Structure formats: structure tokens, C-alpha cells
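K.L.:
how would this look folded up:
(chains A and B)
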Amino acid sequence: MKVKAVAQNNVVSVKILVQHVMETGRRKDETGKLVPGHYITEVNAQHKGERVFQAELGPGVSKDPYLAFQFTGGSVGETVTISWVDNKGGTEKADSVISAV
Amino acid sequence: MDGSFCKQILMKEVGMGVSRRQFFKSVAGTIAYAAVISTVPERVFAAWNQKAFMSETMAAAIAAKYGNLPIEDSAAIQIKSPEIAENGAYVPVSVATTIAGASNITIFSEANFAPLVASFDILPRMRPDVSLRLRMAKTANLVVLVQAGGKLYKAVKEVKVTIGGCGG
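P.N.:
Okay, the predicted model is just below:
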């Protein structure tokens, strides 16, 4: 997962790019068998111990999901922690240090 | 194993005509995948609304997500999306609202097999402005609902899709 967090005037803009198949569960493989669904269901972000982003996703989100959001009250040098979980229990967590514009 | 390294392997394998499926069967793939799975699972996730995400109609998805809250059209929701999306597999969409007290933004693609795409809770420090890339099966309306208090506000924007993005 790649995370970029940039602060300007107390507002932090966060961009997230996750490597994930986001398999819908409706696609068939070469032999005609349905490929089981495998997709991220939840993504959240923490800053200074407080939740600043919370999203529920489904199979309608593109492969290798891109997400962007903004939150207030953050400055350069502080850390934002992004976590996600998928429908098979897979999970990943990443810390990103907020940088200047 | 470093993520970019895995990506390099993936790119290379795919380039050589090996399918992603076969790639994950390879040893390198197994290690890379296991590394993701074993990362500290924290119990910080709320309950995912399976019923809403699996609903096959807009009405069913809205009912599963919000119950029967009243819905009214709103000009205070901005949907940014391409007028024509050449590839329905990656449609870039941004949604913002100026509705006071907005607590949730939910995005639907009306013609998808499961219309509910993503739902964002607007937490106290979060700005009601989100972006993502989503799949659209065919030319259809994007529908955005914003919850504020006990009401839902709605905005609609059509996206023409040249090649559908849901893999049949």
C-alpha cells in the first residue's frame, strides 16, 4: 500500500493506493468456473489516536483501489496510520508521515 | 519482502504470459500473499454491511443501508466524474457536499449487479470530500446519497461507459 499525506493550512490530504485483486465473485476463469470474490471491505485511518476516515467498500470498487480524503487538525511530521481488511480476513496497515506541500 | 519488489515480479510474470492466478500459485506469490495476511489484525473495523453491499437493486441496497429515511434531491452534492468513461473498470469519481451535518456519503452505480459501491462515514475531523475509482458495468447513473440528521439527500450523474468493467 502506498500512502501520501500532505498538510496545508491545518488540512491534511491523504491519497491511498492499495495493491489488491478486488475480485468481484462474478468473473469466470478459463474453465468457466466462478472465481470466488476477494475484495477489501473496510478501510480506516487514525491520526493521534483518533479515527479520521472510515470507509466500507464492496466489489464495485476498481482493482488496486485508489482512495483520497481530507481531514483537519494535522501538521507536517505527524503520522497517519491506514488499515484495511478484506472479506477473507486479509489485512494491511501502513504509517505515513505527513509532509509539506 | 518489499511491496515494490513483489510488484516487479508480478509485472514480469504477467508480461511473460503467466496469468495472475498462476502467479499466486508460484512460491514467490505465496510468500508475498502470506506477508499481507499475517500483518497484525487489529479489531478496529466496524461491521461491514453485507446485506447492503450484496443487494441487487438500488431500492434494496438503500433499505439495507438506511432503512426508510426520507430522500430529497439536493444541489448541494457535487459529483465529479468523466462524461464518457472509456474503461468501466476504472471510473474516477469524486464526491463532495456542503450539506450541514452530513454524517455519511454513499455511492451507487445504478446498473451494476450490486449497485452499492462504497460508503464513507464523515467523522468529526473529516471533510465531506472523497475520491475513488469504481467499476461501472455499462452506461448508467451514479447516485450519491448523503445522510444528514434523519434525512437523505440525493444527487445523480450519468456516465457513458464504452467498455463495461465488471467482467461479464
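K.L.:
For the rest of this, base every contact and every neighbour count on C-alpha atoms.
P.N.:
OK.
K.L.:
close to chain A, is stretch B:94-108?
P.N.:
No: between stretch B:94-108 and chain A, judged by Cα under 8 Å from any Cα of the partner chain, nothing touches; the nearest distance is 8.7 Å.
K.L.:
Identify the residues contacting that stretch?
P.N.:
B:58, B:76-81, B:115-123, B:128-132, B:142-149 (Cα atoms under 8 Å, 6 or more residues apart in numbering or on different chains).
K.L.:
What's the end-to-end length of that stretch?
P.N.:
13 Å (Cα to Cα, to the nearest Å).
K.L.:
What are the buried residues along it?
P.N.:
By neighbour count with 16 or more other Cα atoms under 10 Å in any protein chain shown, stretch B:94-108 contains the buried residues B:94, B:95, B:96, B:97, B:99, B:102, B:103, B:104, B:105, B:106, B:107, B:108.
K.L.:
And the residues you listed, which two are furthest apart?
P.N.:
Largest separation among those by Cα to Cα: B:99 and B:108, giving 18.8 Å.
K.L.:
Now do the strands for the chain: every range, in order, please.
P.N.:
In the absence of a named chain, chain A is used. With DSSP state E as the definition, chain A shows strands at residue ranges A:2-8, A:11-17, A:40-47, A:50-57, A:66-72, A:79-86, A:91-97, A:99-100.
K.L.:
The intended chain is chain B.
P.N.:
Assigned by DSSP E, chain B shows strands spanning B:71-73, B:77-80, B:84-87, B:91-97, B:102-109, B:116-121, B:129-134, B:140-148, B:151-163.
K.L.:
pLDDT below threshold where in chain A?
P.N.:
By pLDDT under 70, chain A contains no weakly predicted segment.
K.L.:
So which residues on it come close to chain B?
P.N.:
Counting by Cα under 8 Å from any Cα, chain A sits next to chain B at A:1, A:24, A:26-27, A:41-42, A:44, A:51-63, A:65-73, A:85, A:89-93.
K.L.:
Any of those buried? List them.
P.N.:
Neighbour-count burial (16+ other Cα under 10 Å) applied to these gives A:1, A:24, A:26, A:41-42, A:44, A:51-63, A:65-72, A:85, A:90-93.
K.L.:
Ramachandran coordinates for residue B:125?
P.N.:
Per-residue torsions, residue B:125: phi -100, psi 0 (degrees, to the nearest 10).
K.L.:
That one contacts residue A:69, correct?
P.N.:
No: Residue B:125 lies out of contact with residue A:69 (Cα atoms under 8 Å); the separation is 11.1 Å.
K.L.:
Quick check: phi and psi at the residue in chain A sticking out farthest from the centre.
P.N.:
Computed with Cα atoms, centre = their mean, the residue of chain A farthest from its C-alpha average is residue A:31, at 32.4 Å. Dihedral angles of residue A:31 (phi, psi; degrees, to the nearest 10) stand at phi -90, psi 0.
K.L.:
From residue A:38, how far out is it?
P.N.:
Separation of residue A:31 from residue A:38 (Cα to Cα): 19 Å.
K.L.:
before we move on, back to that, can you add distance to residue B:156 and give the strands of chain A back as a markdown table?
P.N.:
Compiled in a markdown table, the strands of chain A are given as follows (distance: least, Cα to Cα, whole Å):
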| stretch | distance to residue B:156 |
| --- | --- |
| strand A:2-8 | 30 |
| strand A:11-17 | 25 |
| strand A:40-47 | 24 |
| strand A:50-57 | 20 |
| strand A:66-72 | 21 |
| strand A:79-86 | 29 |
| strand A:91-97 | 33 |
| strand A:99-100 | 36 |
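K.L.:
Since that was my last question, I'll sign off now.
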